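> Build me a structure from this.
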Amino acid sequence: MWGEDGSSSPLMIKFCKPSLRRALVCILAVTLVACISAGIVLYAVAIVTHSDPTPTPAGEYVRLLLLDLTFWGPITVITSWPIFVPIILAVGALVASIRVVDRPEGDEASSHTGATGAK
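Predicted coordinates:
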């Protein structure tokens, strides 16, 4: 990873305690991603398992997608809460605690010394 300004100073991932607001926002973002992902999976399953021989209008696919994203995806997450809630909380807390910072100039870990430690 390199600096945002294009410089050669590499970036470093650092873990630190997040603020309550940052933790809540990250947990809500992970929840939203989980609901959308569940909706997309349900949409794909509904299309793959469709066995009606008559052609389906394109509007029905759009309606199914919107219904899966806004209703059935969140319902799946809520129904499976013993699995999803701990995962969402853990991933949200992990995302909230990650910071990307510039690596210090004299950092020993940034230089590649090899197995012997000699430069």
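> How about stretch 46-66, which residues are buried there?
Judged by neighbour count using 16 or more other CB atoms under 10 Å, the buried positions of stretch 46-66 are Leu64, Leu65. (Each C-beta comes from the backbone N, C-alpha and C, glycine too.)
> what about it, start to end distance?
The stretch stretch 46-66 measures 13 Å between its terminal residues, going by CA to CA, to the nearest Å.
> what about Ile13, is that helix, strand or coil?
At Ile13 the chain is in strand, as set by DSSP: H, G, I helix; E, B strand; the rest coil.
> where along the chain do the strands fall?
11-15, 98-102 (DSSP state E).
> Which one, of the ones you listed, ends up nearest to Leu66?
strand 98-102 (32.9 Å; CB to CB).
> So which elements touch the closest one?
Helices and strands touching strand 98-102, by 3 or more CB pairs under 8 Å, 6 or more residues apart in numbering; DSSP states H and E, are strand 11-15.
> Could you list the low-pLDDT ranges of the protein?
Under the criterion of pLDDT under 70, the regions of the chain flagged as low confidence span 1-9, 106-119.
> And the helices in it?
Counting by DSSP state H, the chain forms helices over residues 20-48, 58-67, 73-79, 81-97, given from the N-terminal end onward.
> closest to Ile13 out of these?
helix 81-97 (10.3 Å).
> in the closest one, what's buried?
Of the residues in helix 81-97, those scored as buried under the neighbour-count criterion (16+ other CB under 10 Å) are Phe84, Ile88, Val91, Gly92, Val95, Ala96.
> Report the contact partners of the second one.
In other words, Ile88. Taking CB atoms under 8 Å, 6 or more residues apart in numbering as the definition of contact, the neighbours of Ile88 are Ile27, Val30, Thr31, Ala34, Val77.
> Nothing else from me, thank you.
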